[in-house]
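Student: Have a look at this prediction, sequence included:
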Amino acid sequence: MVRLALVCLILGCHRDSHSILEVARRDWQVHELVLIAGEQAADCPTAGTAMQALIQQHQSELVAAVATTTPENIKAVTSFIEAHPTEFPDFDDRWDALRDRCPHDPAVQRAFRDLGLTGLDQSPAPALPKPGGSE
């Protein structure tokens, strides 16, 4: 499911499949850089700051990736990804682990939204303790 959502995000504004795949590769690389920054951070606030900085730094690649979404582009990129899984590795488990590690950090959660990764984990967020320490 997330892979399809990412396919929708990685489509570029160019019409030929070679250009679309180049935009897809750059977008996938940005996602990986942001993921690694979050994983390697010592704590959630540091992860959020690092992830947001990379999103800002690579804004043009992310904008290009969402510029055009057509059924033809989705089909072309999906077919390529399915035929070349090593070029587009699945990061779902790693994103889920980061989401589980920092479920309440606003900057980390914003990074997920900015990258279109809101539907990764379908489980509800853990309940926050009620004021006064009672459940």
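Tutor: Sure, I can see it.
Student: count of neighbours near the residue lying closest to Arg94 once chain neighbours are set aside?
Tutor: Spatial nearest neighbour of Arg94, excluding adjacent residues (C-beta to C-beta, 6 or more residues apart in numbering): Leu35 at 5.8 Å. No exception for glycine: its C-beta is placed from N, CA and C like everyone else's. Neighbourhood size, Leu35 [other C-beta atoms under 10 Å]: 20.
Student: What of Ala67?
Tutor: Other residues close to Ala67 by other C-beta under 10 Å number 12.
Student: any idea what Leu33 is structurally, helix, strand or coil?
Tutor: helix (DSSP: H, G, I helix; E, B strand; the rest coil).
Student: so who does the residue nearest to it when sequence neighbours are not counted touch?
Tutor: Residue nearest to Leu33 in three dimensions, not counting chain neighbours: Leu54, with 5.4 Å by C-beta to C-beta, 6+ apart. Leu54 sits next to 30, 33-34, 37 when contact means C-beta atoms under 8 Å, 6 or more residues apart in numbering.
Student: Leu54 and Ile36, how far apart?
Tutor: 9 Å (C-beta to C-beta, to the nearest Å).
Student: ok, now Ala97?
Tutor: For Ala97 relative to Ile36 (C-beta to C-beta), the value is 12 Å.
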